[in-house]
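A.B. asks: Sequence below, structure please.
(2 chains)
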Amino acid sequence: TKGQKGKKEGGSQNLKDDVLKAIVLADSFTKEFRPITFEKPRCLLPLVNIPIIEYILELLAASGVEEIYIFCCSNAAVIRNYIENSKWVLANSGVVVNILESNTATSAGDALRVVFSNYIIHTDFVLIQGDVVSNIDLKPIIQQHKLERAKADSQLLMTSVFRTKRIDEREHTVWLALSQEQNQIVLYENDKRNTPLFDVALDKFDHFADLQLRSDLVDCQIDICSPDVLEIFNENFDFEDMRRAFLKNYVLEEEVFTYKVAPYIVSGAYSSRVSSLRTYEMISRDIVHRWMHPIVPDANFTRTTNFKFSRPNNYYEDKVTLSRTCEILIDTVIGKHSCVGEQSVISKCIIGRNVKIGAHVKMNNSFVWDNVTIHDGVTLDHCIVCDGAVIGANAVLKRGSVISFGVHVDQNITLEEHTRWTTFVGSDQDSHSESSNIHIAFGDDDDDDDDDDDAFSSDSDTDISTPITPVTQPPPQQQQDQHLHHHHHHHHHHEKQLGPNGKGVQFKIPPYLLNDRLNFLGVQESDFIAEQEYEDEEEEEQATSIKKDLIEREQQHVHGDQKGMDFKKFVKEAQETIRRAVLSNHTIDNTKLEMNSLKYAYNTSYSDCAKAMLCDLMLQVDDGRRSSADMIGAFDRLLRGDGKSKTGWSELLIHFIRDEMDEIDLLDSLLDFCKNEGKKFGPLFKFFVKKLYDLEILQEESIIKWYYGVVDGGDSSEYAANDVKLAQQCTEIIKWFETAEEESGSESESESGSESD
Amino acid sequence: MDEARTQSLELQAIIVSDDEGDKLSVLTEDSPKSLLPIANYPMIHLPLTYLEHNGLKDVIIVLNKKNSVKINAYLKDGYKGKLSINAVTLEEGEDTADAIRYVHKYIKSDFIVMSDDLVIDVPLVKLLNIHRSHNSSATMVINHKSKEEGEEKDKNVALDYVGLVNYSPTALERPDSFKNPSRVVYFSPSSQLKKSVTVGRSFMRKWGNVMLSKSFADSHLYVFSRWVSDLIQSRNDFVSLKNHVIPFLVDSQRYVKDKLQRHLQDNNFKTLTEFLESEQEQSGNQEYEVFPGISAKSIARTQQPALDMSSSSYSLLDLVRIYAHVVSASSKTSSTKNTSEPTPSPALIKRANTLNNYMDLNRELSKKGEYKLYESMHDQSITNAPTPTADSSTDKSEDHNTPTSEEVQIGSDCIVGKGLQYTGTAATQQGSRRVSSTLKKCNLGHNVKIGSNVKIANSVVMNNVIIGDNCTIQNSIVCCDVDIKPSANLNNCQVASGCVVEGRDYKAEALSNKH
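C.D. replies: Next up is the predicted model:
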C-alpha cells in the first residue's frame, strides 16, 4: 500500500532517522461497544462530536511527532477514507499520516512484527493505543527517554506513561511496584479481577532496597519504545500484547533484569481510554467539564466544528434552533442544524448535528449522534442513540439503553435498562451455539477486563460477523434491507419489541460483556461499592484458601471425587463458620445451630462437621509466628475457653462426635492434617492427640483401637508408611493407657484378693 | 495547655526485655544481659537515663524470672538516677506482650514501651508530638538505615519489612515534620515471611502509594494509646509486641474505618459523636465492638480527639492509626558531605542485641561531644561517685595508683574505670626501660591490672581483669574476673567471666568456662 512504500524509502535514508514517529494501534477494539462497532470502527465514533482518532492525532502532532502510522487490521478502507478527507492530508498539517494495513494481524504483537518487517522504524518511537484521549505533553517524556538511552550500557527498553488518579475518580488503576532509585518498573499488574493478592517476592528486595507500591496510577497506554522492542517482538512471535506478554511475562519475569522499563508519572494531566461505554460517558463528561484543557469543546481544534461556550456550561454550534420554552440545563453540547422543541428539558447531553428533538422531551446524561429524530414526549436516561435513529413519541428509554445506527423505536415503547438495539444482521445472536462458537473461535478467554484489552483483538468486529453474514462490502442501507427481509419470520417478537413501525432487533448482550457490568452506561456509585464488597470477599477467601487448600486436598483424598465438589464447598463454609465464630466469640449454641444447618444443607455427617471444625481450629492455632509449644497452648486455650467470656470450643466438638467410629475418623483426619502440614504440625501430632484425650473429646478405647488399626495394618493397610510413622508418636500414650489400665486392673485384683483373704 | 489536659496526657513508661535474637555469645554466661557494661554503665542504665532525661518520673521494669534477682539488686543499690522504679517479675511467659499483659493493671494512661537494650538519642518529644497531634493508636520510631548499613555484616540479623504512606526523606529534617508524619501501613518482621510480601486488593485500594522497604527498622520504642493495653489484655494469643501486636494494629487500619462506617450507616448515625453519645445514653445495651472486647467507645475515649477539629467526621472514624517517626541514622560520611549547612549529628539508635552492636555502642558512647544525652550521664555519675577517680577520661586524674602516661598511653576515645594498675613486671626484669602499654578505642572496667607492652584496641575489658605482659587484645570482649596470661593474643574473641586465658594466639573464638 501507499504507506508501506513511503516508509521503505524513508528507512533507507539515514537523514530521516531523526524524524519522530508514532504508531497508533487503531484496531484495538474491545467488544464493549457492540453492537455499535459492528457498523463503524471505534476510532471513528464521535466523542463530543469529534471522532476519537482526531484526539490521538492532535496529541501526537502537539508532542512533535512528524510521522504517524495508523495500524488497522480491518476497516482500513473506512479509516483511510476518513483520513484522506481530513485536514491531515493538507500540506500545512506538519504531520504525515499513513495507514498500515495487515489482514493477517491478530494482535498488537502481530502489528509490531509487521512494522518491524516494513523497516519503518529505526529510532525511538511512540506507541499508542487507538482509543487514548489525553492532553499529556509527550515532549519531555520523549526527551527523558532519549537521555536515558544515550547513557552507556543503557538497559532502558521502554518508557511507559502513567498518570495519577484524581481523588474519587472511578478509573481502573494498575498495581505497580517501582524502584525510585533505579527509575524502573519492578512489578506490574493490571488484571486485578483475577488477582486478589499482590505478591512482592522477597528476593526483589535484594536488588532494590526500597519499593514503592502504587495503586493510584492509571496506565495511559502510551509508550516510548526503543527499536529493540520491535526486535524482541519479532523474535518472540507468540507475544500478543504489550502489557501481559511483553512487560509482565517477559521483561519483569527475568531473574536478573536484563532490560528496564521506566515509568513516567504525570500528575495533573488528563489521559483516559475510550475502552467501554462507561469510559465513553466519563470522558465525554470530562471534556465538557474542561478537564482536558486545552482540548475543550469550544477550542474547536479540528477546525471542523464551531462550538461556542454558553452559560452555565453549555456549548452550541451555529444554526442551532432552541424553542422559547425549552430548558437546556447544564453540561450540554448541541451541534449544527439541530433543534429542540417546546417544553423539552435537556441536561448533561451531547447532541450531534441535524438532530430533531420534539416537544416535552426529557433527556439527561445521554448521547445523541447525527441525524437522529426524537419525537414528542420521549424520555432518555443515560442512553446512546446513534446516527439516523428515530425514537417515536412518548417512548421511554431507560438507563443504559443503546440504540445503534438506523434503529426505529416506535411510539409508546418502553425499553428496559441496559438493552441494546440494532439493525445489523450479524448481531442477532440469539442462538446459543452461535455465540459460544464465536466465543471459542476468537479466543475470547480472559481479556474481558477492559484494562488489558490492548490485545489488539483478533476479533475486530467485522471479522466476527463474517461467519454470520458477509458484511463489509454492501452499503449499510442494503444490509438493513437484506436483514429485515431475512429475519422477518424468525424474529417476529423482536420486531414487536420496538413496536409495529419499529426497525431493529435486540442485541443479546453476550456473557463476556455481562461479566463486567461496570463497563455499561450509567453505572452508579452503589454499583462500584457492591463490586468492591464482592472483591473484598473474594480476597478474604483467597487469603484464607491458601491455607485451606491443604485441607481440601486432604478431604478430597478421603472422600473421593464424586462428592468432591460439594464436600469441598461444605468444608469451606464450615471452616468459614468456625473461623467467624472464634473471631467474634460466638456462643456454642449459635454455632451449633449454624453448623447443623450446614450439615443439612450439604447432607454430610456429624463426623464430617467435627473434622472440618478440628482442622480449622488447628489452622487458627498456627498464626505463622508461634513456636510449637505455644501452638499446643493456644490449642488448649481455644478448646477450653476461659470459663467466662471466651468460648471453649471443645463442647462443640463433643457435640458432633457420636460414636467410636466418629472418633476414629477424627483421628484419621488429624493424622492427615499433621502429615500434610508436616513441618509444623507433624512433630506435634501426639500432643494434639493427648490434648483431645485430656479434654474428653476422644476416649481411651478409641485411641487404642485406632492406633493398632494403623500400626498393625499389615500389607493391605490403607495407611501409608509415613502415616504409620506419625501414629507411632503415640506409642507412649498407648503404653501409658495400658499400664494405667494394668495398674488399676491389678489394684482392683489385689483389692479383691485382699477382700477374699 | 490546661491542668486537666496535662494530667490526661501524662505518660507511663514500661521497660521490657525482648530476648529474641540475642546473640551475645558467652557474655551472658554469668551476668544478665541488662547488666553488661556499655561505657562502664550497666546496659539497663541507658534506657533509664533516656527516659529520665525526657521528663518521665515513673518507670515500670518488667523482669524475667531468671535474672530478676541480680537486676533488682542493681536497681536497689547501684542505680543513682531520679526515676522512681517499679520492678516487677514476670510470672509466666517471657515475651514483650506477656509483659504488658502482666502489668496491665498498672496502666492508666498512654504508655511508652522501650526495650531494655535500646540506646537511642532521638528526643521523645518528637514521637509525642506525632502521637498527640494525630491521635495515634501507636507511634513508633523507624530507623531508616542507609544502604551500606542495611547490607552489612551477618545476614541473620532480623529485618523488618515496613510499608509507609506519606514518606518523604526530605521532609524529615523539617522541624514541623510531625504535622505530616508517615503512617505505617505494612509491618512484618522477616521471620514472619516466607517467600513474598503479600498484600490484598483492599490494601491496594486503601493505600495508593506505599513505600515498602526492608531498610526501615523498628527501633523498639513505642508510644501506645491506653486502649491498646486493653487489647493486649484481651488477646492472650498475642505474645510479642513486634510479632503480634504491631502487625495486628497495622493491619486493622485497613478495615476498621469501613467497618465502623457501615455500622453507623446501618444504624442511621450521622457522625461519630452522635453515635458515641447514643451509646452513652443507653449504657445497658451492648456497645459496638471494633475488636472482640474492645468497643469503639473505649478507643475513642482513650484516644484524645484530634487537636484540630477541622478533620472531617469521616476521618474521625479512622480509629486505629499507626504513625512512625522516621529517623535516618545515616553514617557519618553522608552527614559530613553537606558542609554548607550545620548538619545535626546522626541519630543514634541501636539495640545491644548482637556482638557487633554491643561493641559499636561501647565505641560510640566513648566518643566525646557526640551524644549529649549520655554524656550527661557521665557527669552525673561523677558527682555521685565516692571518689573523683571514677572519671570517664582518666588522662588528667592524678591518683597515685593510676599509672603515668609513660606506663600506659590512653587514647582519647577510651573510657577507663577506677583503680587501673600497671604491673609491668617484664619491664623491671629487663631493667633497661619500661615498655609502655597502649589503649586505643577501648573501654576498661574498674580495677583492671595491665602488664607492660600490652596493646588493647577496639575492645571492651570489664572489671577486675588481669592482663599479663606482652598481651594484645583486639576487637574482643573480656568479661569480669578474667586472668589473661602473658603473651596472649586475642583477636575477635569473647571471653566469659572468670576464664583463665593461656598465653597463646586466639582468633575469633568464644572462650567459656563451661566445657
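
A.B. asks: What residues does residue 206 make contact with?
C.D. replies: Since no chain was named, I'll use chain A. Listed by Cβ atoms under 8 Å, 6 or more residues apart in numbering or on different chains, the contact set of residue A:206 is empty. From N, CA and C alone the C-beta is placed, and that goes for glycine too.

A.B. asks: um, chain B though
C.D. replies: Contacts of residue B:206 were listed using Cβ under 8 Å, 6+ apart, and they are B:185, B:254.

A.B. asks: Could you pull up phi and psi at the closest residue to residue B:505 other than its chain neighbours?
C.D. replies: Leaving aside its sequence neighbours, residue B:505 sits nearest to residue B:489 (Cβ to Cβ, 6 or more residues apart in numbering or on different chains; 4.4 Å). Main-chain torsions, residue B:489, degrees, to the nearest 10: phi -130, psi 110.

A.B. asks: Can you name the residues bridging to residue B:489?
C.D. replies: With DSSP bridges as the criterion, residue B:489 is bridged to residue B:472, residue B:505.

A.B. asks: Leaving out sequence neighbours, find the closest residue to residue B:438.
C.D. replies: Counting by Cβ to Cβ, 6+ apart, the residue nearest residue B:438 is residue B:409, at 4.7 Å.

A.B. asks: gap between that neighbour and residue B:469?
C.D. replies: According to Cβ to Cβ, to the nearest Å, residue B:409 and residue B:469 sit 16 Å apart.

A.B. asks: How about residue A:99?
C.D. replies: Separation of residue A:99 from residue B:469 (Cβ to Cβ) stands at 95 Å.

A.B. asks: cool, residue B:222 as well?
C.D. replies: Remark: distance between residue B:222 and residue B:469 (Cβ to Cβ) = 50 Å.

A.B. asks: In terms of neighbours, single out the busier of these two.
C.D. replies: Taking other Cβ atoms under 10 Å in any protein chain shown, residue B:222 and residue B:469 do not tie; residue B:222 has more neighbours (25 against 21).

A.B. asks: The more buried one sits in which helix or strand?
C.D. replies: Per DSSP states H and E, residue B:222 falls inside strand B:216-224.

A.B. asks: what secondary structure does the closest residue in space to residue A:608 that isn't next to it in sequence sit in?
C.D. replies: In space, and not counting its chain neighbours, residue A:608 is closest to residue A:570: 7.1 Å by Cβ to Cβ, 6+ apart. Classification of residue A:570 by DSSP: H, G, I helix; E, B strand; the rest coil places it in helix.

A.B. asks: Neighbours of the nearest residue to residue A:500 once chain neighbours are set aside, how many?
C.D. replies: The shortest distance from residue A:500 to any residue other than its chain neighbours is 6.2 Å, reached at residue A:410 (Cβ to Cβ, 6+ apart). By the criterion of other Cβ under 10 Å, residue A:410 has 20 neighbours.

A.B. asks: quick one: residue A:410 from chain B, how far?
C.D. replies: Separation of residue A:410 from chain B (Cβ to the nearest Cβ, to the nearest Å): 44 Å.

A.B. asks: Tell me who's in contact with that residue.
C.D. replies: Taking Cβ under 8 Å, 6+ apart as the criterion, residue A:410 is in contact with A:392, A:395, A:498, A:499, A:500, A:501, A:502.

A.B. asks: which of those tops the neighbour count?
C.D. replies: Neighbour-wise, these (other Cβ under 10 Å) top out at residue A:395, 25 neighbours.

A.B. asks: pLDDT score for it?
C.D. replies: For residue A:395, the model assigns a pLDDT of 92.

A.B. asks: cool, residue A:544 as well?
C.D. replies: Looking at residue A:544, its pLDDT stands at 62.

A.B. asks: now the one 5 residues further on
C.D. replies: In the prediction, the pLDDT value recorded for residue A:549 is 51.

A.B. asks: Next: residue A:115.
C.D. replies: On pLDDT, residue A:115 comes in at 86.

A.B. asks: Ok, residue A:402 next?
C.D. replies: Residue A:402 is assigned a predicted lDDT (pLDDT) of 92.

A.B. asks: just residue B:217 next, same as before
C.D. replies: With respect to pLDDT, residue B:217 scores 85.

A.B. asks: surely it meets residue B:161?
C.D. replies: No - look at residue B:217 against residue B:161 with Cβ atoms under 8 Å: they stay out of range, at 10.3 Å.

A.B. asks: Chain B versus residue A:376, what's the distance?
C.D. replies: To chain B, residue A:376 is 42 Å away according to Cβ to the nearest Cβ.

A.B. asks: what number of residues lie near the residue nearest to that residue when sequence neighbours are not counted?
C.D. replies: Once flanking residues are discounted, residue A:376 sits nearest to residue A:358: 3.8 Å by Cβ to Cβ, 6+ apart. Residues contacting residue A:358 under the criterion other Cβ under 10 Å number 20.

A.B. asks: cool, and residue B:85?
C.D. replies: Number of residues near residue B:85 (other Cβ under 10 Å) recorded here: 16.

A.B. asks: I'd like the mean pLDDT over the helix or strand containing residue B:356, please.
C.D. replies: Element membership for residue B:356 (DSSP H and E) is helix B:355-366. On average, the pLDDT along helix B:355-366 is 84.

A.B. asks: Buried ones in that helix, by neighbour count?
C.D. replies: Of all the residues in helix B:355-366, those buried under the rule 16 or more other Cβ atoms under 10 Å in any protein chain shown are B:355, B:357, B:358, B:359, B:361, B:362, B:363, B:364, B:365, B:366.

A.B. asks: Residue A:641 versus the fourth one, what's the distance?
C.D. replies: Read it as residue B:359. Using Cβ to Cβ, we find residue B:359 at a distance of 49 Å from residue A:641.

A.B. asks: do the same with the last one
C.D. replies: According to Cβ to Cβ, residue B:366 stands 55 Å off from residue A:641.

A.B. asks: just the fifth one next, same as before
C.D. replies: Taking Cβ to Cβ as the criterion, residue B:361 is separated from residue A:641 by 46 Å.

A.B. asks: which one is residue A:334 nearest to, not counting chain neighbours?
C.D. replies: Using Cβ to Cβ, 6+ apart and skipping residues adjacent in sequence, the residue nearest residue A:334 is residue A:351, 4.6 Å away.

A.B. asks: what sits against that neighbour?
C.D. replies: Counting by Cβ under 8 Å, 6+ apart, residue A:351 makes contact with A:332, A:333, A:334, A:335, A:338, A:357, A:368.

A.B. asks: at 6 Å what do you get?
C.D. replies: Contact analysis of residue A:351 by Cβ atoms under 6 Å, 6 or more residues apart in numbering or on different chains lists A:334, A:338, A:368.
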